[in-house]
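Visitor: A predicted structure for the sequence below; I have some questions about it.
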Amino acid sequence: MNEADPSSGGWFEDVDREDADSVTESIRTGSAESPAAWPERAVESGFAADEDEYYKILHDATMRATREAVQEAERSDDKQLMHGIRAMDDCERVANELAERVAEWAGSRHEDAETGVEYARELAESDEEDPLVSLAERVRDLDDEAADLRSHVERTAPEVAPNLSALAGPVLAARLIALAGGLKQLARKPAGTVQVLGAEEALFAHLRGRAPSPKHGVIFVHEAVQGTHPDNRGSAARALAGKLAIAARVDHYSGERKPELDAELAERIERIQARDVDE
Amino acid sequence: MSDLPVGVERRAFDGRESLATEGEAVYGEPTADGWRKWDVRRSKLGAMLEKGMDTGLSGGETVLYLGAAAGTTVSHVADFAGPTYAVEFAARPARDLLEAAEPRRNLFPLLKDARKPETYAHVVEPVDVLIQDVATRGQAKVALANRRFLDDDGRLLLAVKARSEDVARDPDAVFEEVLTTLREGYEVLETRSLEPFHDDHLAVVARPD
Ligand SMILES: C[S@@+](CC[C@H](N)C(=O)[O-])C[C@H]1O[C@@H](n2cnc3c(N)ncnc32)[C@H](O)[C@@H]1O
């Protein structure tokens, strides 16, 4: 039972122990049908001087291989999330654009034609063989696709960035990651940059001297900003951006969920909202 | 009540006795004189020892641990066992597992799927003890698939979580079904509920049949 199939050997066979990459590769992608007394075999074959040395090499090799595999898995997870949120935004935008076209077209036929995606959905109900109905069906399908993508983002963002998702909500968290170009990139940004992510166009206008300094980018939609009196929204956005930047760092560097961040944010915002405003 | 394995002791932390092993702290547990408290509420194997199950562990054995997560339990295992292979398939907890393994020369972390033993049989040697805590559907199947690693007189120490198999069904019926599947390859020696430390879990000691 515990005899190895002679065709499938141990991870150290045909591997140069000085070549870290080939060692890592062998741990990660090798395989065998059954286990065998690998430490003994490694010593017999001269790979290691004794079992102590074998285990020392094995420890370094498994640490390195696992670290590499973990990094790769996480890297690809945040990239997947970025594709998801971008596809969701695209579907929503195109659905809205096409809905406008549908409304305009329908308006040329009926006086009581309405506008928006909801109206296109209504038109799509009809079974008529008609180019307008067919276009309305596309709007409905795109809108359904956007909803599916939204649930996908809501499910995966908390896995990729548990703290950021808890503070910002999964959709906004995904949007911030996408705007930064990845979780690692977001984790390296100072709070001031996080605050204006997504407001790049407004920022460039400001730098060219044509507009006031933007106070907030996509985080503007967050309830911490929306629920604050306009006079205090700048402070709220700054406080929020600060906590989001910390959450992104925790997510990237440790990945551990820290519920105390939620409480700290709530407390900061509560204090800002309690400030007097000049009427 | 069976004896604790060598390397596991009852020690006082803040005036309260608790299981403990000797090693570097991993999850913020209290330490004293180089010993770290083994929080049995966070560890099913710890709860099995606390409840006096006959695990057959004596210390120094070779171990394959499936479902290592962030390394809470497997770090204690590595403190008293010999070569300890830790398999976990989720990247996020595996990052913490790496930290627990860093100072433990006998702990070998592997980011692998326990349903595919052939992807780590080229690394893992035959073991005296197979510990499994995967909390996922098909727990008995995972134990059967990994039976190939276990020496003929080795022990399987298994924590079965009923809700992982089926949230809606009566836990006792789920446990019965898991045990029936398990008996295709194992002789079940002892089973015990892990209450009050862990709800909804059945602990199983078995040996290859
Ligand atoms: C209840 S947790 C384990 C806790 C850990 N044993 C401890 O006490 O420190 C279950 C773990 O099993 C992992 N898991 C589930 N299915 C798995 C599989 N097929 N292969 C490897 N790990 C798996 C999960 O990712 C999770 O981290």
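Guide: The structure has been received and is ready for your questions. As the structure is a prediction and not an experimental result, all values here were calculated from the model.
Visitor: neighbours of the closest residue to residue B:122 other than its chain neighbours, just the number please.
Guide: Using C-beta to C-beta, 6 or more residues apart in numbering or on different chains and skipping the chain neighbours, the partner closest in space to residue B:122 is residue A:32 (3.9 Å). To be clear about C-beta, it is placed using only N, CA and C from the backbone, and glycine gets the same treatment. Residue A:32 is flanked by 23 other residues according to other C-beta atoms under 10 Å in any protein chain shown.
Visitor: helix/strand/coil for residue A:32?
Guide: Here residue A:32 is coil, with the state taken from DSSP: H, G, I helix; E, B strand; the rest coil.
Visitor: Find me the pLDDT at it, would you?
Guide: Looking at residue A:32, its pLDDT stands at 96.
Visitor: Pretty sure it sits against residue A:26.
Guide: No: between residue A:32 and residue A:26 there is no contact, the gap being 11.1 Å when judged by C-beta atoms under 8 Å.
Visitor: Quickly list what's touching both of the two.
Guide: Counting by C-beta atoms under 8 Å, 6 or more residues apart in numbering or on different chains, the shared contacts of residue A:32 and residue A:26 are residue B:122.
Visitor: immediately after the helix or strand of chain A with the lowest mean pLDDT, which helix or strand?
Guide: The helix or strand with the lowest mean pLDDT-type score in chain A, counting by mean pLDDT, DSSP states H and E, is helix A:200-207 (a mean of 70). Per DSSP states H and E, the first helix or strand lying C-terminal to helix A:200-207 is helix A:223-226.
Visitor: packing partners for that next one?
Guide: Using 3 or more C-beta pairs under 8 Å, 6 or more residues apart in numbering or on different chains; DSSP states H and E as the contact criterion, the secondary-structure elements in contact with helix A:223-226 are helix A:233-253.
Visitor: Wondering if the helix it packs on reaches chain B at all.
Guide: No: using C-beta under 8 Å from any C-beta of the partner chain, helix A:233-253 stays clear of chain B, coming no nearer than 9.3 Å.
Visitor: what's the next secondary structure element after that helix?
Guide: Downstream of helix A:233-253, the first helix or strand assigned by DSSP H and E is helix A:260-273.
Visitor: For that following helix, buried residues please.
Guide: Within helix A:260-273, the residues that count as buried by 16 or more other C-beta atoms under 10 Å in any protein chain shown are A:261, A:264-265, A:268-269, A:272.
Visitor: Let me know the closest of those to residue B:44.
Guide: Distance from residue B:44 was checked for each of the buried residues of helix A:260-273 by C-beta to C-beta. The minimum falls on residue A:261, at 29.2 Å.
Visitor: And the strands in chain B, which stretches?
Guide: In chain B, the strands defined using DSSP state E lie at B:8-13, B:16-22, B:31-32, B:35-37, B:63-66, B:84-88, B:107-111, B:127-132, B:150-161, B:186-193, B:201-208.
Visitor: Kindly reformat these as JSON lines containing distance to residue A:37, mean pLDDT and mean neighbour count.
Guide: Conversion of the strands of chain B to JSON lines gives the following (distance: least, C-beta to C-beta, whole Å; pLDDT from 0 to 100; neighbours: other C-beta atoms under 10 Å in any protein chain shown):
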{"stretch": "strand B:8-13", "distance to residue A:37": "27", "mean pLDDT": "96", "mean neighbour count": "16"}
{"stretch": "strand B:16-22", "distance to residue A:37": "27", "mean pLDDT": "96", "mean neighbour count": "18"}
{"stretch": "strand B:31-32", "distance to residue A:37": "36", "mean pLDDT": "95", "mean neighbour count": "14"}
{"stretch": "strand B:35-37", "distance to residue A:37": "32", "mean pLDDT": "97", "mean neighbour count": "21"}
{"stretch": "strand B:63-66", "distance to residue A:37": "14", "mean pLDDT": "98", "mean neighbour count": "28"}
{"stretch": "strand B:84-88", "distance to residue A:37": "14", "mean pLDDT": "98", "mean neighbour count": "28"}
{"stretch": "strand B:107-111", "distance to residue A:37": "16", "mean pLDDT": "98", "mean neighbour count": "28"}
{"stretch": "strand B:127-132", "distance to residue A:37": "11", "mean pLDDT": "98", "mean neighbour count": "24"}
{"stretch": "strand B:150-161", "distance to residue A:37": "11", "mean pLDDT": "97", "mean neighbour count": "21"}
{"stretch": "strand B:186-193", "distance to residue A:37": "23", "mean pLDDT": "97", "mean neighbour count": "16"}
{"stretch": "strand B:201-208", "distance to residue A:37": "17", "mean pLDDT": "97", "mean neighbour count": "21"}
